[in-house]
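K.L.:
structure, please.
(2 chains)
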2 protein chains.
Amino acid sequence: MYMNAEIIAVGTELLMGQIANTNAQYLSSRLNNLGMNVYYHSVVGDNPERLKAVLRQALERSDVVVTTGGLGPTKDDLTKETIAELLGLRLVLHQESLERIRKYFKNQKRCMSENNVKQAYIPEGSVIIPNNNGTAPGCIVQKDGKTVVMLPGPPRELIPMFEDTVFPFFEGKTNQVINSRMLKIFGIGEADVETRIMDMIEKQTNPTIAPYVGTGEISLRVTARGSSRDEVDALIAPVVEKIKERLYPHVYSDSGETLEEVVVRLLSDKGWTVSTAESCTGGMLASRIINVPGASVVFDRGFVTYSNEAKMQELGVNRKTLEKWGAVSRETAEEMVRGLVERTKTTAGLAVTGIAGPGGGTPEKPVGLVYVSAFLNGRVETLKLNLAGDRQRIRTVSCHNALDLLRKMLLGII
Amino acid sequence: MYMNAEIIAVGTELLMGQIANTNAQYLSSRLNNLGMNVYYHSVVGDNPERLKAVLRQALERSDVVVTTGGLGPTKDDLTKETIAELLGLRLVLHQESLERIRKYFKNQKRCMSENNVKQAYIPEGSVIIPNNNGTAPGCIVQKDGKTVVMLPGPPRELIPMFEDTVFPFFEGKTNQVINSRMLKIFGIGEADVETRIMDMIEKQTNPTIAPYVGTGEISLRVTARGSSRDEVDALIAPVVEKIKERLYPHVYSDSGETLEEVVVRLLSDKGWTVSTAESCTGGMLASRIINVPGASVVFDRGFVTYSNEAKMQELGVNRKTLEKWGAVSRETAEEMVRGLVERTKTTAGLAVTGIAGPGGGTPEKPVGLVYVSAFLNGRVETLKLNLAGDRQRIRTVSCHNALDLLRKMLLGII
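P.N.:
Residues are numbered from 1 along each chain as shown, chains lettered A, B, ... in the order given. Sure thing, here's the model as predicted:
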């Protein structure tokens, strides 16, 4: 059941450094979920000899070869042609794909060029992978124990094609159902997460547990396989519960939500509202909340009070507080959040003030010093943070902390 | 002088899909700048046989092989060992690197493990690439007409090592100086840019012109080589001027600045200030301006007025305007920006109101309809936009447009 797989990207733009090969990352993660071992990634340009050599080698050393790119309408696009030649297959016109391409151009109110007809030619005996977001269909060819999957390059075409056709295809081959859940973790370091659940990561084979490290955040994907969806979910659930217990209270979602999605959902469930007052994060916190579809129900308004004048005028921070404690202080953060909700009358409020750098730090108040205050139904909690990294990272992690503080207050954790 | 190069990343985390191979993108771009042809990228895990096979093939088919990763202290880290074996070279202790590693641990107040000594062993005859941001030094080995560059995996270690040692090394080999300038372009599509300068892209060999496409933005890197910095700069300058002329007024920077950096610089030069009022962008515009180091001199404050109540209370938008024209209208955008500067007394103001989706669209006011108003010294200009894409893209491109509108007003273009 376990198969060796490799991924080949065909595209000069990758070799020129114009884009990163994010498709390989996505495909690797999903092929691993299918229980395959991904042993190689390659990138090659549209030179016919080099392309052929790379594909020939892949067909020799791997059971499953997934290609991305080179399915376009021009004569430089040679992926299908080369693979068909290596496997000794003819290309045949797939009428349904031709119709789909025609329709695609019609919907876009653009003229279809005769070159695009080439895109509807597919190696004989292929499984077609329909493309709802572009012109090039993909295909799956099987011959002599080898399986080749051909996908177009743009991620917005490739990802739905993989999810809708390729993943179920391999899942069907294994007579197994595969499912996974994504746990999102904040407020604890990578090393600490590993220490607390290392025995689980090492011992578990079904489900497997795979960690991903983001900016100040960690995710764990728990993936199981079995003969039915119920069986798979029953395998995943106790592992998820065990991880949540071991990492309590740091797992903020067991379904892949972002921190802002969790906060918007918790507020929305209670019919509550929130407003923001930001200094160093400068609108990033409001922006993240508003990026959640449906945030308009809970988000009232936000203030970016970068100057001391703005903190006094918009939020009613006392001049004496600013003079005595400074703009970056627990006292100012708390006056900001109290002044904010007094003005907006929201159920909840968040205030952030800090030094994001690169300038502005002093020995007493270094770059990375940030105060975060949250208000909920009359109660105020404040965090003092000492963050590492550049300006962008300090601001991002400050927002994580503000959202997580409100999450914990909403859940009664603090 | 032109050499064929390939990039090999060694790391299981890439094959598991935990990270994307951004190093390959960065290195490709820089090797192209050096005049090399990058023909392949590969990723392989830390399995000794597979690693050896990939490295052997690379040494056969390429003049220059750049490896990333596999220089760590554990017994799984085999890049140096395998390359030394393939080239028939011994590993020798590099005393200076050992001292550097010792010092690195001391500065971090951490204990150095005996395993780390392995990192100071380097193939005999190598050029050492010092690493100021981690423990593993890199090295450049030359044998039998082949050059192998070994770099560690983390980008924050790899990039300075490449810039400080590897780039100058190859530049020195060519007896040439290489330099490039980055033109940033907004307000014109990729196809249109290509049409207007295609003849230049195709005819130019020194300088070369390489396009990069971002979210709603395009960059062009103009790279030249010559015998001195003066000569190179003299080659680049007229090409930059010609592109700027052909794409006028869409080139907003010829030194790689972001739109917000340009706007902050232009305001700062005049001692002027700016404030923001945002609906659908929800703080993203303020956040981008504030992310420019030194923005505190020009940015006064921002309002995220998502609800109609907030637009009336904070910006003095007339209830009748909202009732008659709606929150997403030219009239509301202009009242927002006028109300904003009346309140903040800043020289400039920016207001954005629109429908970022996925919900909230109607046949008359579809998702993607956005109004952007800019105020400068009493004058107001407004743009009506019909943007495509998801919520995040619509918000990002709305901010681009707001910043570009103010840029043009500051420069007297409109």
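K.L.:
quick one: low-confidence ranges for the stretch 51-200 of chain A?
P.N.:
A:108-109 (pLDDT under 70).
K.L.:
the residue in it that chain B sits nearest to - nearest residue in space that isn't next to it in sequence?
P.N.:
Per CB to the nearest CB, A:V54 is where the stretch 51-200 of chain A lies closest to chain B, at 7.5 Å. From N, CA and C alone the C-beta is placed, and that goes for glycine too. Leaving aside its sequence neighbours, A:V54 sits nearest to A:V44 (CB to CB, 6 or more residues apart in numbering or on different chains; 4.6 Å).
K.L.:
thinking again about what came up before, which of the three states applies to the residue of the stretch 51-200 of chain A closest to chain B?
P.N.:
Here A:V54 is helix, with the state taken from DSSP: H, G, I helix; E, B strand; the rest coil.
K.L.:
same question for A:G72.
P.N.:
coil.
K.L.:
the closest residue to A:T22 other than its chain neighbours: neighbour count?
P.N.:
Excluding the flanking residues, the one nearest A:T22 by CB to CB, 6+ apart is B:A20, at 5.0 Å. Close neighbours of B:A20, defined as other CB atoms under 10 Å in any protein chain shown, add up to 17.
K.L.:
pLDDT value on B:A20, please?
P.N.:
If you check B:A20, the pLDDT there is 91.
K.L.:
cool, A:Y2 as well?
P.N.:
If you check A:Y2, the pLDDT there is 57.
K.L.:
in the sheet, who's paired with the residue nearest to A:V54?
P.N.:
On the basis of DSSP bridges, A:V44 is bridged to A:V10, B:Y40.
K.L.:
what about it, how many residues close to it?
P.N.:
27.
K.L.:
contacting residues for it?
P.N.:
A:I8, A:A9, A:V10, A:L15, A:R50, A:L51, A:V54, B:Y39, B:Y40 (CB atoms under 8 Å, 6 or more residues apart in numbering or on different chains).
K.L.:
could you rerun that using 6 Å?
P.N.:
Taking CB atoms under 6 Å, 6 or more residues apart in numbering or on different chains as the criterion, A:V44 is in contact with A:V10, A:R50, A:L51, A:V54, B:Y40.
K.L.:
ok, A:M3 next?
P.N.:
A:M36, A:D63, A:V64.
K.L.:
tell me the one among these nearest to B:T276.
P.N.:
The closest of the contacts of A:M3 to B:T276 turns out to be A:M36 (CB to CB; 48.9 Å).
K.L.:
can you read off the backbone torsions of the closest one?
P.N.:
Phi and psi for A:M36, reported as degrees, to the nearest 10, are phi -90, psi 150.
K.L.:
beta partners of the residue nearest to it when sequence neighbours are not counted?
P.N.:
Once flanking residues are discounted, A:M36 sits nearest to A:A5: 4.3 Å by CB to CB, 6+ apart. Legend: beta-bridge partners of A:A5 under DSSP bridges are A:V38, A:V64.
K.L.:
wait, doesn't A:A5 sit right on A:T67?
P.N.:
No. With contacts counted by CB atoms under 6 Å, A:A5 stays clear of A:T67, the gap being 11.6 Å.
K.L.:
give me the more crowded residue out of those two.
P.N.:
More crowded of A:A5 and A:T67, by other CB under 10 Å: A:T67, with 28 against 25.
K.L.:
assumed the more buried one was part of a strand.
P.N.:
Yes. Counting by three-state DSSP, A:T67 is part of a strand.
K.L.:
now A:K324: how far from chain B?
P.N.:
Distance of A:K324 to chain B, given as CB to the nearest CB, to the nearest Å: 21 Å.
K.L.:
reduced to three states, what does that residue come out as?
P.N.:
helix.
K.L.:
measure it to A:V317 for me?
P.N.:
Distance, A:K324 to A:V317, using CB to CB, to the nearest Å: 12 Å.
K.L.:
just the contacts of A:V44 now: which is nearest A:T258?
P.N.:
For these, the nearest to A:T258 is A:V10 (33.4 Å; CB to CB).
K.L.:
if I pick the closest one, what's in contact with it?
P.N.:
The contact partners of A:V10, by CB under 6 Å, 6+ apart, come to A:V44, A:G69, A:G70, A:T79.
K.L.:
follow-up on the earlier one: quick one, grab the pLDDT at the residue nearest to A:V54.
P.N.:
97.
K.L.:
contact residues of the stretch 251-400 of chain A facing chain B?
P.N.:
A:282-284, A:286-287, A:290, A:293, A:299-302, A:304-307, A:310, A:358 (CB under 6 Å from any CB of the partner chain).
K.L.:
buried ones among those residues?
P.N.:
A:282-284, A:286-287, A:290, A:299-302, A:304-307, A:310 (16 or more other CB atoms under 10 Å in any protein chain shown).
K.L.:
which of the residues you listed fall within helices?
P.N.:
A:M284, A:A286, A:S287, A:I290, A:A310 (DSSP state H).
K.L.:
the spatially closest residue to the fourth one that is not a sequence neighbour and A:K365, how far apart?
P.N.:
In other words, A:I290. In space, and not counting its chain neighbours, A:I290 is closest to B:G282: 3.0 Å by CB to CB, 6+ apart. Relative to A:K365, B:G282 is positioned 29 Å away (CB to CB).
K.L.:
same check, this time on A:P48
P.N.:
For A:P48, the distance to A:K365 - CB to CB - is 62 Å.
K.L.:
again with A:S113
P.N.:
62 Å.
K.L.:
who has more neighbours, those two?
P.N.:
Neighbours were counted for A:S113 and for A:K365 using other CB under 10 Å; A:K365 has more, 15 against 12.
K.L.:
let's see the pLDDT reported for the more buried one.
P.N.:
94.
K.L.:
which SS state does the residue nearest to A:G17 when sequence neighbours are not counted fall under?
P.N.:
Distances taken as CB to CB, 6+ apart place B:S29 nearest to A:G17, at 3.0 Å, with adjacent residues excluded. Following three-state DSSP, the label given to B:S29 is helix.
K.L.:
give me the neighbour count for B:S29.
P.N.:
B:S29: 19 neighbours (other CB under 10 Å).
K.L.:
one more: the one 10 residues further on?
P.N.:
In terms of burial, B:Y39 registers 18 neighbours under the definition other CB under 10 Å.
K.L.:
how much space between it and chain A?
P.N.:
On the measure of CB to the nearest CB, B:Y39 and chain A end up 6 Å apart.
K.L.:
does A:D76 sit in a helix, a strand or a coil?
P.N.:
coil.
K.L.:
for A:I188, see how far away the closest residue to it other than its chain neighbours is.
P.N.:
Residue nearest to A:D76 in three dimensions, not counting chain neighbours: A:D46, with 4.5 Å by CB to CB, 6+ apart. Distance, A:D46 to A:I188, using CB to CB: 46 Å.
K.L.:
between those two, who's got more neighbours?
P.N.:
Ranked by neighbour count (other CB under 10 Å), A:D46 and A:I188 place A:D46 first, with 19 against 16.
K.L.:
you'd agree the more buried one is up against A:T74?
P.N.:
No. With contacts counted by CB under 6 Å, A:D46 stays clear of A:T74, the gap being 8.9 Å.
K.L.:
in the stretch 101-250 of chain A, which spans are strands?
P.N.:
Secondary structure of the stretch 101-250 of chain A (DSSP state E, counting those that start in this stretch): strands located at A:121-123, A:127-129, A:138-143, A:146-151, A:177-186, A:208-213, A:217-226.
K.L.:
ranking those strands by burial, who's on top?
P.N.:
Most buried of the strands of the stretch 101-250 of chain A, by mean neighbour count (mean count of other CB atoms under 10 Å in any protein chain shown): strand A:146-151, with a mean of 24.
K.L.:
sheet-wise, list the partners of that one with their directions.
P.N.:
Applying DSSP bridges, strand A:146-151 is found paired with strand A:64-68 (parallel), strand A:138-143 (antiparallel).
K.L.:
and the contacts of it?
P.N.:
A:59, A:64-68, A:79, A:83, A:138-141, A:158, A:161, A:166.
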